[in-house]
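# What would the 3D arrangement of this be:
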Amino acid sequence: MTTFPADDPDKVPFAGILPAAPKPFVLGNGEGEKSLVFDQLFTVLLSADETEDQYGIFTMQGGKGQRIPAHTHLKTHEIFYVVDGEIDVWMDDQADYHSKTTLVTGDFAYVPANVVHAFQIQGPTKVFGCGTAGFERFFHAIGQKTDLTEPQGVFVPDFSVLRAAGEKYATVFMPEFQFRD
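Below is the predicted model of the structure:
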């Protein structure tokens, strides 16, 4: 992934929230670039722009919900660190690693690129995430910009939006994939 140009449509609505350059800054509780995706609130805290294309940092908050469809990121390594709550995470490398794990407060999971995964929040939960630089704005590409500080409501993107974001951010949705539970 590379730094997004200033006119990238996934960045423009958020101009001025993050410095867009590797400069020191502080965000207060609830601040950042926020998008509602389904019933989850994603907040980008640090992007490829600030880290010279090294990584991006985000949080995800939500309540008990449906399982997010199986998908894989072709170029993105991703982590889940549960700040508070409980989330089920499915991972399958389509070779010899297959797992369904319930992560609770303080637990950590690593999903390398090309591993099929999905998750389901089991109650009020906040997850800290880190991924390969640039991927953090995937959530903006499929979500709806918001000023919420807690997840509220539901935003369901059109399938064409999901497909376009998947192409841009090297993500393949696999709704027919069957995990070994």
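# what's near enough to touch residue 128?
With contact set as Cβ atoms under 8 Å, 6 or more residues apart in numbering, residue 128 has these partners: 57, 58, 59, 79, 80, 81, 82, 83. No exception for glycine: its C-beta is placed from N, CA and C like everyone else's.
# Kindly recompute the last result at 6 Å.
For residue 128, the contact set (Cβ atoms under 6 Å, 6 or more residues apart in numbering) comprises 59, 81, 83.
# Equivalent analysis for residue 23, please.
Contacts for residue 23 (Cβ under 6 Å, 6+ apart) come out as none.
# any idea how far residue 139 lies from residue 174?
When distance is defined by Cβ to Cβ, to the nearest Å, residue 139 is 19 Å away from residue 174.
# higher neighbour count, those two?
The neighbour comparison of residue 139 against residue 174 (other Cβ atoms under 10 Å) goes to residue 139, with 25 against 14.
# and the strand or helix carrying that one, what does it pack onto?
Under the criterion of DSSP states H and E, residue 139 resides in helix 138-142. Here helix 138-142 touches strand 33-37, helix 159-168, going by 3 or more Cβ pairs under 6 Å, 6 or more residues apart in numbering; DSSP states H and E.
# Looking at those, spot the one closest to residue 145.
Across the helices and strands packed on helix 138-142, residue 145 has its closest neighbour in strand 33-37 (5.9 Å, Cβ to Cβ).
# and the closest one, what does it pack onto?
By 3+ Cβ pairs under 6 Å, 6+ apart, strand 33-37 packs against strand 40-46, helix 138-142.
# Downstream of the helix or strand of the chain at the bottom of the mean pLDDT ranking, the next helix or strand is which one?
Lowest on mean pLDDT, DSSP states H and E among the helices and strands of the chain sits helix 159-168, with a mean of 92. For helix 159-168, the following helix or strand on the C-terminal side (DSSP H and E) is strand 171-173.
# Do a quick rundown of the strands in the chain.
Counting by DSSP state E, one finds strands in the chain at the ranges 33-37, 40-46, 55-62, 71-73, 78-84, 86-92, 98-104, 108-111, 116-121, 125-132, 144-145, 171-173.
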